[in-house]
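K.L.:
Sequence below, structure please.
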Amino acid sequence: MTLKAVFFDLDGTLLDTAEDLGNALNSVLIRHQKSPMPQARLRDHVSNGAAALIRLGFGLDDSAEEFASLRQQLLDAYAEDLASHTRPFTGIEALIEQLANNNIAWGIATNKPAVYAEPLMEYFSFASEPVALICPEHVKIRKPDPEALTLACDHAKCKTSEAIYIGDHLRDIQCGTNAGMPTIAVGYGYIIDNDDHRSWQATHTVDHAEEIWPIIQTYL
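P.N.:
The predicted structure is shown next:
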């Protein structure tokens with residue numbers, strides 16, 4: 001293949017957003033006279049979204065009468081403080097610099113709604129700008145459906161066979177595979193205890209972001 005673009009999942013792959021998401025949940029717990037939860041316990045669940053955090057924090061089923069209200073309270077709290085503790089994972093900034101130096105486009109395909117993903121990305125400056133930020137509002141079907149990556153490739157003016165997708169969840173790897181592109185499963189993101197990124201049948205696996213560039217070089 002001739003590599004033209006690299007696409008990232010957002011939470012748990014490009015940016016470490018766990019603490020700000022955890023703080024949003026804890027603010028809602030405290031508001032309802034419940035004890036805040038340790039960040040270490042929350043960390044592995046943030047990739048599954050606000051509903052998963054409410055289930056974990058309040059022990060409620062989605063059908064509970066108050067569930068939708070609590071989920072919205074969490075989202076509102078998060079929107080008010082998106083990036084106090086969020087940072088690129090170690091090695092990501094250097095990786096994007098390497099992509100820029102080699103004229104390789106990069107972008108994001110995420111299940112994070114645009115109302116949070118777009119303002120969040122404004123807090124960060126990388127060596128080059130992303131060519132795409134694809135959120136659920138931009139597609140008919142969310143990941144693991146390949147539509148997000150097909151659209152991202154349209155933005156990058158490349159074929160799906162000319163791109164790589166990187167993610168920290170099985171659905172990311174399924175999305176990349178469904179799109180017909182090589183995939184890299186990362187083990188540094190938000191992975192629950194009984195899961196293993198090496199079991200997702202990705203093209204490549206890494207434990208640290210610093211390991212990604214040597215893999216990408218093999219496609220140049």
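
K.L.:
and this protein, what are its domains?
P.N.:
Described in terms of automatic domain parsing, the domain architecture of the chain consists of the residue ranges 5-16+86-217, 18-80.

K.L.:
Pretty sure I164 sits in a strand.
P.N.:
Yes - I164: assigned to a strand according to DSSP: H, G, I helix; E, B strand; the rest coil.

K.L.:
pretty sure it contacts T177?
P.N.:
No - with contact defined as Cβ atoms under 8 Å, I164 and T177 do not form a contacting pair (11.7 Å). All C-beta spots, glycine's among them, are computed from the backbone N, C-alpha and C.

K.L.:
Could you pull out the residues contacting both of these two?
P.N.:
Residues within reach of I164 and of T177 at once, by Cβ atoms under 8 Å, 6 or more residues apart in numbering, are T183.

K.L.:
What are the buried residues along the one helix or strand in the chain whose mean pLDDT sits lowest?
P.N.:
Counting by mean pLDDT, DSSP states H and E, the weakest-scoring helix or strand in the chain turns out to be helix 39-43, with a mean of 90. Applying a neighbour-count criterion of 16 or more other Cβ atoms under 10 Å, one finds 39, 42-43 buried in helix 39-43.

K.L.:
And stretch 27-43, by the same measure?
P.N.:
Residues 27-29, 37, 39, 42-43 are the ones in stretch 27-43 that count as buried (16+ other Cβ under 10 Å).
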